[in-house]
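Chemist: Could you work out the structure for the sequence below:
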Amino acid sequence: MTHTLFLMRHAKAESHRPVSDFDRELAPAGILQARQAGLQLAGRGIQLVLSSSSMRTRQTYEALRLRTPSGDSVPVEFMDALYLGSADAIRQRISEITEDVTSLLVIAHSPGIPSLAAELAWTSAPHEADQISCWFPTSAYSEFSLDTSWANIADYGQGAQLTDVTRPAKDR
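Modeler: Okay, here's the model as predicted:
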């Protein structure tokens, strides 16, 4: 069974606020970035979102406004483990997804998201993997086609093929 995986870095957050890093909110530009990404991801068949539990990732998910074919919000699981989680932690959470989900979006942070995207891209697109390692701005996302089960992503992305990398218009 083929699966589609989207790995997204949260949208641009406020840089200075008298709150913890976990509680930082999106900047106005970040809300616009996320809405634009949501327009691009609409109709892509995303069935589930795994998101860090931080405020900026929660707000990114909300601003994406992703909908199911019936018009409901795409279900989301907010996970503390994805807050500043490593590529290995993110990969582990993806490997736990049930096979009835064929299209998954993960919203988290740098360096975990770009590191995992670069690792998964390395076999099919080494040049792009290098680019991802060097430049994966806020609100950027990568798309992968997986010709294997979610569980096999734990084996460093067995069967993953980079389909696309999308960066916000201002950062292109």
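
Chemist: Next, the buried residues of stretch 96-104.
Modeler: 97, 102-104 (16 or more other Cβ atoms under 10 Å). To be clear about C-beta, it is placed using only N, CA and C from the backbone, and glycine gets the same treatment.

Chemist: Using CSV, write out every CA atom in the helix or strand harbouring residue 90.
Modeler: If you go by DSSP states H and E, residue 90 is part of helix 87-95. Extracted as CSV, the C-alpha positions of helix 87-95 are listed here (Å, rounded to 0.1, in the frame of the first residue of the first chain):
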residue,chain,number,x,y,z
ALA,A,87,14.2,13.0,13.9
ASP,A,88,14.2,9.6,15.7
ALA,A,89,11.4,10.6,18.0
ILE,A,90,9.3,11.8,15.1
ARG,A,91,10.1,8.7,13.1
GLN,A,92,9.0,6.6,16.0
ARG,A,93,5.6,8.3,16.3
ILE,A,94,5.0,7.9,12.5
SER,A,95,5.8,4.2,12.8
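
Chemist: Could you list every helix and strand that it packs against?
Modeler: Using 3 or more Cβ pairs under 8 Å, 6 or more residues apart in numbering; DSSP states H and E, the elements in contact with helix 87-95 are strand 103-108, helix 112-121.
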